[in-house]
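Asks: here's my sequence, what's the structure:
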Amino acid sequence: FFLMIRRPPRSTRKESSAASDVYKRQLLLLPVFSFSQEKVYDFVEEDPSFPGGMTAMTEFIVNHVEYPEEARANGEQGIVFVKFVVAKNGEISHVGIRKGATEALNAEAIRVVQAMPKWIPGKQNGEAVAVNFTLPIHFRLGNNDAQDAPPKPLTKKEKKKLRKQLKKAEKKAAKQKKKS
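Replies: From the prediction side, this is the model:
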């Protein structure tokens with residue numbers, strides 16, 4: 001597959017009409033690289049599917065997602081929408097992010113999709129075709145994970161309240177020490 005581009009004139013001086021005609025016919029052929037010549041559909045009669053269906057896909061994702069430590073420590077959560085192409089042979093390619101959450105969660109979602117087995121391809125007019133697909137992957141921290149996350153910074157009001165409580169406790173401890 002080549003892209004044809006007409007070469008621009010080399011000079012502005014007036015050339016003879018014969019030379020000009022020869023020049024106008026010269027074309028520059030540039031190769032255009034494409035990983036796939038096949039048409040990729042957005043909508044098809046029969047959507048591609050994960051082998052075993054949605055339940056199997058959910059199980060695959062749950063078993064293969066490794067929540068990034070950085071994201072866990074920062075309390076990061078969200079939904080990552082991963083886009084990819086299911087080729088007519090079922091292979092997954094052109095994996096990317098349609099809408100992301102954070103860098104760490106996006107990278108993990110891409111890793112999981114790239115690790116997926118071949119899918120059952122989509123069909124158009126009874127033939128297997130390449131189809132664009134978007135898959136949402138949810139990242140949620142459980143109660144135990146949220147406890148491991150760093151505490152939120154205190155507000156000025158909370159700091160003031162804690163200082164008062166600390167002073168009261170110190171005075172009480174000092175009184176008890178004097179009594180004993």
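Asks: how would you label the spatially most central residue of the chain: helix, strand or coil?
Replies: Among the residues of the chain, the one closest to the centroid is I97, at 2.9 Å (Cα atoms, centre = their mean). Assigned state for I97: strand (three-state reduction, DSSP: H, G, I helix; E, B strand; the rest coil).
Asks: give me the distance from stretch 50-63 to the chain's centre.
Replies: 19 Å (Cα atoms, centre = their mean, to the nearest Å).
Asks: pull the CA atoms of that stretch into CSV?
Replies: Below are the C-alpha coordinates for stretch 50-63, written out as CSV (Å, rounded to 0.1, in the frame of the first residue of the first chain):
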residue,chain,number,x,y,z
PHE,A,50,-14.7,-13.9,25.9
PRO,A,51,-14.5,-17.8,25.8
GLY,A,52,-17.0,-18.9,28.5
GLY,A,53,-19.0,-15.7,28.5
MET,A,54,-19.2,-12.7,30.8
THR,A,55,-18.9,-14.8,34.0
ALA,A,56,-15.6,-16.3,32.8
MET,A,57,-14.3,-12.9,31.8
THR,A,58,-15.2,-11.4,35.2
GLU,A,59,-13.5,-14.4,36.9
PHE,A,60,-10.4,-13.9,34.6
ILE,A,61,-10.1,-10.3,35.5
VAL,A,62,-10.6,-10.8,39.2
ASN,A,63,-8.0,-13.6,39.2
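Asks: other SSEs contacting the top strand by length along the chain?
Replies: Assignment by DSSP state E gives strand 127-139 as the longest strand of the chain. Counting contacts by 3 or more Cβ pairs under 8 Å, 6 or more residues apart in numbering; DSSP states H and E, strand 127-139 packs against strand 40-41, strand 78-86, helix 103-114, strand 122-124. Just so you know, the C-beta spots here come from the backbone N, C-alpha and C atoms, and that holds for glycine as well.
Asks: hmm, 6 Å instead?
Replies: strand 40-41, strand 78-86 (3 or more Cβ pairs under 6 Å, 6 or more residues apart in numbering; DSSP states H and E).
Asks: show me the contacts for V65.
Replies: V112 (Cβ atoms under 6 Å, 6 or more residues apart in numbering).
Asks: okay, it and K159: tell me how far apart.
Replies: Per Cβ to Cβ, to the nearest Å, V65 is found 38 Å from K159.
Asks: can you check K175 too?
Replies: 25 Å.
Asks: please apply the same query to R98.
Replies: 42 Å.
Asks: buried residues, stretch 59-74. List them.
Replies: Residues of stretch 59-74 classed as buried: 60-61, 65, 67-68, 71-72 (neighbour count, 16 or more other Cβ atoms under 10 Å).
Asks: now stretch 70-86: buried residues?
Replies: 71-72, 76-78, 80-82, 84-86.
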